[in-house]
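sharing a model that was predicted from the sequence below.
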Amino acid sequence: MLLLLQILIVGVGATLVMDIWAIVRLRLFGVPSLNYAMVGRWLLWIPKGRFIHNPIASSESQQGEALVGWLAHYATGIAFAGLLLPFAGAIWFTEPTLAPAITLGLVTVAAPFLLLQPALGMGIAASRAPKPWHARAHSLLTHAVFGLGLYLSALIIKPLAQL
């Protein structure tokens with residue numbers, strides 16, 4: 001049970017670090033974050049049989065899409081934190097190290113590159129974005145920041161992990 005709580009806290013913490021990075025990135029570089037309402041829209045269309053949108057912004061909005069998108073964003077962060085178990089082992093939560101966290105963060109960029117971006121109408125690895133390499137670089141950097149957030153969150157709760 002303690003391990004599940006650790007995964008929950010580390011996942012939420014890492015996602016929060018990523019969201020703080022998105023605010024910093026917007027202010028420093030003028031690069032907006034993903035609109036999580038569009039993620040919610042996409043998820044709400046799936047049960048209706050529509051998985052791919054070209055682009056998602058042109059699809060009819062869905063009631064509650066912002067809430068669904070933000071909940072999915074944080075649930076994904078928690079799920080990715082759970083991948084630390086098979087990737088680094090349960091010991092990582094008592095003795096966190098930076099390398100597995102950053103590596104996992106970078107590996108998770110496969111999700112937007114191969115699933116989310118194509119489904120939202122941006123193509124594989126944002127190939128249809130106005131500046132594909134710009135979008136890819138920001139995705140990689142954002143997921144590296146998520147990895148840093150995994151590490152920092154684990155450090156913060158390390159005393160809990162040692163109970």
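Right, received. Where do you want to start?

drop to CA atoms for contacts and neighbour counts, all remaining ones
OK.

same for the worst-scoring helix or strand of the chain on mean pLDDT, what does it pack against?
Least confident helix or strand of the chain, by mean pLDDT, DSSP states H and E, is helix 158-161 with a mean of 78. Packing partners of helix 158-161 (3 or more C-alpha pairs under 8 Å, 6 or more residues apart in numbering; DSSP states H and E): helix 2-29.

tell me the secondary structure at Glu60.
Applying DSSP: H, G, I helix; E, B strand; the rest coil to Glu60 yields a three-state assignment of coil.

number of nearby residues for it?
When neighbours are defined as other C-alpha atoms under 10 Å, Glu60 has 9 of them.

would you mind measuring from it to His53?
Distance of Glu60 to His53, computed by C-alpha to C-alpha, to the nearest Å: 10 Å.

hang on, the earlier thing: other residues contacting the least confident helix or strand of the chain?
Applying C-alpha atoms under 8 Å, 6 or more residues apart in numbering, the contact partners of helix 158-161 are 2-3, 6, 93-96.

so which of these is the closest to Phe29?
Pro96 (31.1 Å; C-alpha to C-alpha).

quick check: which element contains the closest one?
Using DSSP states H and E, Pro96 falls within no helix or strand.

roughly how far apart are it and Phe146?
For Pro96, the distance to Phe146 - C-alpha to C-alpha - is 15 Å.

which stretches of this protein aren't confidently modelled?
For the chain, applying pLDDT under 70 flags the ranges 1, 161-163.

repeat the analysis, applying 90 as the threshold.
Residue ranges of the chain with pLDDT under 90: 1-2, 29, 31, 33, 158-163.

quick check: Ala126 touching His138?
No. The criterion here is C-alpha atoms under 8 Å, and Ala126 misses it with His138 at 10.8 Å.

more crowded one of those two?
The neighbour count for Ala126 versus His138, taken as other C-alpha under 10 Å, is higher for Ala126 (23 against 16).

ok, how many other residues are close to the closest residue to Ile52 other than its chain neighbours?
Distance criterion C-alpha to C-alpha, 6 or more residues apart in numbering; nearest residue to Ile52, sequence neighbours excluded, is Ala119 at 4.3 Å. Residues lying near Ala119 (other C-alpha under 10 Å) number 22.

in contact with the closest residue to His143 other than its chain neighbours, which residues?
Distances taken as C-alpha to C-alpha, 6+ apart put Gly105 closest to His143, at 5.0 Å, once the chain neighbours are dropped. Contacts for Gly105 (C-alpha under 8 Å, 6+ apart) come out as 143-148.

measure Gly105 to Asn54 for me?
Plainly put, Gly105 is 28 Å away from Asn54 if you go by C-alpha to C-alpha.
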